[in-house]
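Visitor: sequence first, predicted coordinates after that:
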Amino acid sequence: MKLYTPLHVHSHFSILDGLSKPEQIAKRCINTNIGACALTDHGNIAGAVKFHSCMKKNGIKPILGCELYISSDDATIKNNDNKKLSHLVILAKNYSGWKTLIKIISETNKPEFYYYKPRIDLKRLGEMLDGNIIGFAGHLGSVLANSITDYKSIYPDWKNILIEKASYLKDIFGGSDNFFLEAQLMDQINNPMQSKVTECIRDIARDTGLKVICTPDAHYAEKEDAVDQRILLCNNLKTTLTDVTNKILNNEEVGMETFFISDNYHILDHEEINALHTEEEIENTNYVNSLCENYDITSKPTLPSFKCPDGLSEAEYLRQLCRDGWRDKIADKVSNNTEMTTEYVDRIKYELSVLQTAGLSSYFLIIQDILQYVRSNEWLPGPGRGSAAGCMVSYLVGITAIDPIKYGLIFDRFYNSGRNTADHISMPDIDVDVPINKREDVINYIKEKYGHDKVSQMITFNTMKGRGALKDVLRAYGNITFEEMNNITKHIPDEAKIADELQDMKEEYGESSIIRWALENKSKELSEWCYIDDNNNLAGPLAKRFEQAIRLEGTKTNQSKHAAGIAISPTPLGEACPMVYDSKNDQTIAGMEMQDLESLGIIKFDILGIAMLDKIMTIQDLLKENKI
């Protein structure tokens with residue numbers, strides 16, 4: 001039996017049709033003796049960092065890629081005729097290929113090309129290819145399959161069409177070691193068109209000299225995960241499993257029907273792939289793997305430099321601001337108290353030593369400068385929040401308005417150098433509160449100061465959590481009333497209310513679950529529907545539904561713009577991460593989540609718009625005008 005490399009795998013970053021988290025993909029690879037695996041999410045690479053880190057941690061080689069959306073005509077043409085999209089999978093061969101992959105994803109998200117989805121046409125794609133990208137096509141829905149089939153039959157002139165299209169793709173990718181034909185047979189029983197298209201693909205391989213690879217089209221890791229993926233699909237399609245079943249029985253059209261009738265869209269094991277494909281097709285997947293280097297995409301966080309006055313270095317200027325703060329805020333109240341003076345001086349020396357040893361001077365200078373801009377416009381910033389109030393340096397330079405020594409606040413709760421390693425400096429986390437109506441002005445100031453191409457807001461992904469996950473499951477089965485659903489889920493708390501308990505659960509068991517917490521701590525209230533039995537298993541009439549909801553917790557469901565996060569980079573952001581189009585707000589933003597941006601070396605700053613600050617400013621204005 002020949003081993004193979006899965007080269008067509010989706011994670012839950014393929015929103016609402018991909019199910020698997022990177023950890024689940026890694027576990028499947030380990031259990032099936034798979035040594036390398038590709039990630040090819042639909043239209044994005046937002047999961048690349050998490051996938052890369054998870055696979056590396058488990059000793060599996062990550063191959064990073066994407067399943068692109070390809071428009072049939074020029075991508076600038078936005079009409080119904082050019083709305084239908086085909087798929088084309090690309091993989092980065094090396095670190096240079098990773099950089100090219102970033103550029104390609106950014107290109108597909110340009111507003112002039114984006115039309116319901118990020119997309120590109122083959123001509124423009126060809127202009128971006130540089131020999132560091134591998135492409136393949138052939139599965140149903142791909143640029144090759146769509147060129148010869150109407151999903152019911154193969155066009156009579158299919159061979160000439162395929163040879164011409166495949167030869168064109170080979171040319172733009174840079175030869176037969178950069179473009180491969182793709183055969184998929186994992187669902188040929190439910191979808192006989194897979195066999196017909198694969199026959200065509202194998203036929204033209206002989207005429208073109210192109211190699212054929214076999215792939216799964218894995219939208220979940222394990223075969224049994226199909227039932228969970230269908231909950232995502234019901235959520236996406238705004239339907240129920242009962243409605244889908246009735247439509248299929250009545251031969252009515254159902255979106256993504258194949259996923260509802262098949263459980264074959266998992267990561268196939270070696271035995272399953274050998275039962276379907278030729279030894280050559282299997283070996284070609286390993287050949288593609290050999291063409292892809294085992295490279296690293298992560299980087300140490302790099303702070304933008306801060307331009308200091310009078311030729312001072314960042315460290316010198318931060319110390320100068322601390323001295324100014326001492327003069328204005330501390331000197332008078334400790335002038336006659338030697339013990340108190342010593343306490344303050346020792347605290348400041350300690351903090352500066354820790355922060356400047358970690359190279360964080362510019363971080364504090366950037367934040368104090370933002371707040372200075374807010375104050376210079378007579379806008380009202382917040383006084384500081386959270387553990388940042390425990391930092392004396394923040395107080396002295398005007399980031400916070402609270403003397404931490406006076407209130408017994410601890411610096412090490414805010415920042416602890418023990419978290420740092422030779423390879424990674426942990427970044428502080430200071431929230432900057434500004435009036436909500438002035439937030440865009442503040443962001444524009446940051447862009448003007450550091451460069452519009454180096455500053456951006458960022459994406460975030462909403463996930464299925466606790467109450468919402470359970471509601472999605474119950475709703476998909478459709479046999480519980482709205483009232484009973486609310487009666488059940490009202491006992492599932494919000495994540496924020498039990499954050500510490502969830503963290504304890506994660507540290508003890510390696511994972512956490514809001515629903516599991518509720519079953520343990522609200523057992524009496526939920527026992528009518530589900531409870532934990534003496535063997536630590538779920539029992540009760542809705543135990544299966546609760547189990548399914550627990551499995552789905554943490555699954556990505558939609559993409560939006562982060563409410564507070566701003567990425568600031570010393571180099572153009574588009575060189576380090578994809579820039580994606582936020583259609584809701586009509587702007588281009590950094591296309592990865594904040595933790596992943598930091599893993600790529602990009603620093604995140606939180607600029608929060610607070611409505612209460614606007615209201616206080618309005619009251620101040622009215623008082624000045626003697627109107628109240």
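Guide: Sure thing, it's come through.
Visitor: first-to-last residue distance for stretch 544-564?
Guide: 38 Å (C-alpha to C-alpha, to the nearest Å).
Visitor: just the buried positions in that stretch, please.
Guide: For stretch 544-564, burial by neighbour count (16 or more other C-beta atoms under 10 Å) applies to 545-557, 559, 562, 564. Every residue, glycine included, has its C-beta placed from N, CA and C.
Visitor: just stretch 506-519 next, same as before
Guide: 512-519.
Visitor: among the buried residues of stretch 544-564, name the ones in helices.
Guide: 545-552 (DSSP state H).
Visitor: tell me the least confident of the buried residues of stretch 506-519?
Guide: Among the buried residues of stretch 506-519, S512 carries the lowest pLDDT, at 92.
Visitor: would it be right to say that it lies in a strand?
Guide: No: judged by DSSP: H, G, I helix; E, B strand; the rest coil, S512 forms no part of a strand; its state is coil.
Visitor: which residues touch it?
Guide: 502-503, 505-506 (C-beta atoms under 8 Å, 6 or more residues apart in numbering).
Visitor: now, the most widely separated pair of the residues you listed?
Guide: Q503 and M505 (7.2 Å; C-beta to C-beta).
Visitor: more neighbours: which of the two?
Guide: M505 (18 against 11; other C-beta atoms under 10 Å).
Visitor: my guess is that one meets A518, correct?
Guide: No: checked against C-beta atoms under 8 Å, the pair M505 and A518 is beyond contact range at 11.7 Å.
Visitor: now flag whichever of the buried residues of stretch 544-564 is closest to G359.
Guide: Looking across the buried residues of stretch 544-564 and measuring by C-beta to C-beta, the closest to G359 is A564, at 24.0 Å.
Visitor: any weak-confidence spans in the stretch 501-628 of the chain?
Guide: For the stretch 501-628 of the chain, the stretches with pLDDT under 70 are 627-628.
Visitor: strands of the stretch 451-600 of the chain, start to end?
Guide: If DSSP state E, counting those that start in this stretch is used as the criterion, the strands of the stretch 451-600 of the chain fall at 455-463, 531-532, 538-539, 556-568, 579-582, 587-590.
Visitor: show me what the longest one is packed against.
Guide: Using 3 or more C-beta pairs under 8 Å, 6 or more residues apart in numbering; DSSP states H and E as the contact criterion, the secondary-structure elements in contact with strand 556-568 are helix 439-450, strand 455-463, helix 594-599, strand 603-610.
Visitor: how close does N146 get to V393?
Guide: 59 Å (C-beta to C-beta, to the nearest Å).
Visitor: please say which of those two ends up with more neighbours.
Guide: Neighbours were counted for N146 and for V393 using other C-beta under 10 Å; V393 has more, 28 against 20.
Visitor: shaky segments in this structure?
Guide: In the chain, residues with pLDDT under 70: 627-628.
Visitor: and if we set it to 50?
Guide: Along the chain, the model assigns pLDDT under 50 to no residue.
Visitor: how's it carved up into domains?
Guide: As assigned by automatic domain parsing, the chain contains the domains 22-222+266-291, 309-461+559-624, 465-551.
Visitor: so N82 makes contact with I70?
Guide: No: counting by C-beta under 8 Å, N82 does not reach I70; the two are 10.9 Å apart.
Visitor: between the two, which one's more packed in?
Guide: Using other C-beta under 10 Å as the criterion, N82 and I70 rank with I70 on top: 21 against 17.
Visitor: where's the more buried one, which helix or strand?
Guide: Per DSSP states H and E, I70 falls inside strand 61-71.
Visitor: which helices and strands sit right next to that strand?
Guide: Using 3+ C-beta pairs under 8 Å, 6+ apart: strand 61-71 touches strand 36-39, helix 48-57, strand 85-92, helix 95-108, helix 122-128.
Visitor: now do 6 Å
Guide: strand 36-39, helix 48-57, strand 85-92 (3 or more C-beta pairs under 6 Å, 6 or more residues apart in numbering; DSSP states H and E).
Visitor: make a markdown table out of these and add mean neighbour count.
Guide: Formatted as a markdown table, the helices and strands packed on strand 61-71 follow (neighbours: other C-beta atoms under 10 Å):
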| stretch | mean neighbour count |
| --- | --- |
| strand 36-39 | 25 |
| helix 48-57 | 21 |
| strand 85-92 | 24 |
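Visitor: out of those, nearest to L125?
Guide: Closest among these, using C-beta to C-beta: strand 85-92, at 7.7 Å.
Visitor: how about the strands in the stretch 151-300 of the chain?
Guide: Using DSSP E, counting those that start in this stretch, strands in the stretch 151-300 of the chain cover 179-183, 212-214.
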